[in-house]
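1. Structure of the sequence below:
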Amino acid sequence: MAKSINGAVGKMGSPNMSPDVRTVQQMLNNVPSSEGGPDSNIIVDGRCGPALIGFIQDFQAEQFDRVVEDGKVHPGGQTITRLNTYDDYPALTASSTLWCPHGGKVSARPARTVIGLDASEAPLTLTDVFHIAGCPLDTPCVKVKWVTSPCKILDAQSVGQCVTKANVPQGLVVIENV
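-> Alright, predicted model coming up:
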């Protein structure tokens, strides 16, 4: 499931709330060392110190041409977005392949931008706009209403209901490629 944090984690000035720190520690443990992850697992204790900040900077240095966040993981930022790609259930993005159950193509328009990421890479959320084109039914599916999601960021475990213009449910979104 795509993960999110409520406050920044890392260098001075970050709130470093224990639940958020644990999330970042767990996420970094999913990253292979060859791609900027730690050589051995980080102890998930919810405390942010110089070692964790170093792991964040190592990850950023390996993943990005230039370090935009510089030792911090921001909610909805490019570092947490990239960390989510190492999760078993990465976040849905505008480049994810989604269909209505009848073959109509679902397109997504993110409601916000993430600095340093192309719009197609930004994680989709419950508040984004989803349209359906090409549904062959007489009363076609035209939009998606998300029914469940483990958090505000959508992932492959999220459940979306395809609905008509009159909001009549027509079936669940088919998530083909994340």
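2. middle-most residue in the chain, spatially?
-> In the chain, the C-alpha nearest the mean C-alpha coordinate belongs to Ala91, at 3.4 Å (C-alpha atoms, centre = their mean).
3. so who does it touch?
-> If a contact means C-beta atoms under 8 Å, 6 or more residues apart in numbering, then Ala91 has Ala2, Thr81, Asn84, Thr85, Pro123, Leu124, Ile153, Leu154, Asp155, Val178 as its contacts. Yep, even glycine has a C-beta here, placed from its N, CA and C like the rest.
4. Quick check: closest non-adjacent residue to the fourth one.
-> In this structure, Thr85 finds its nearest non-sequential neighbour in Ala91, 7.9 Å apart by C-beta to C-beta, 6 or more residues apart in numbering.
5. neighbouring contacts of stretch 140-160?
-> Counting by C-beta under 8 Å, 6+ apart, 1-4, 84, 87, 89-92, 98, 100-102, 104, 106, 123-132, 135, 161-165, 167, 170-173, 175, 178 sit against stretch 140-160.
6. ok, back up a step: report the buried members of the contacts of Ala91.
-> Buried by 16 or more other C-beta atoms under 10 Å: Ala2, Thr81, Asn84, Thr85, Pro123, Leu124, Ile153, Leu154, Asp155, Val178, out of the contacts of Ala91.
7. all helices of this structure, in order?
-> Assigned by DSSP state H, the chain shows helices spanning 18-29, 50-63, 78-84.
8. Of all the ones you listed, which one is nearest Ile42?
-> Closest of those to Ile42 is helix 18-29, at 4.8 Å (criterion: C-beta to C-beta).
9. Taking helix 50-63 as reference, get the angle to that closest one.
-> 50 degrees (axes from the mean of the first three to the mean of the last three C-alpha atoms, to 10 degrees).
10. Can you give me the buried ones in helix 18-29?
-> For helix 18-29, by 16+ other C-beta under 10 Å, it's Asp20, Val21, Arg22, Thr23, Val24, Gln25, Met27, Leu28, Asn29.
11. Tell me the spacing between Thr127 and Thr23.
-> Distance of Thr127 to Thr23, given as C-beta to C-beta, to the nearest Å: 21 Å.
12. Identify the residues contacting Ile5.
-> Shown in contact with Ile5 (C-beta under 8 Å, 6+ apart): Pro19, Asp20, Thr23, Val24, Val73, Pro75, Ile80.
13. which intervals of the chain have sub-threshold pLDDT?
-> Applying pLDDT under 70 to the chain flags the ranges 1, 67-69, 114-117, 149-151, 178.
14. Need the outlier residue of it, farthest from its centre.
-> Outermost residue of the chain (C-alpha atoms, centre = their mean): Asp138, 34.4 Å.
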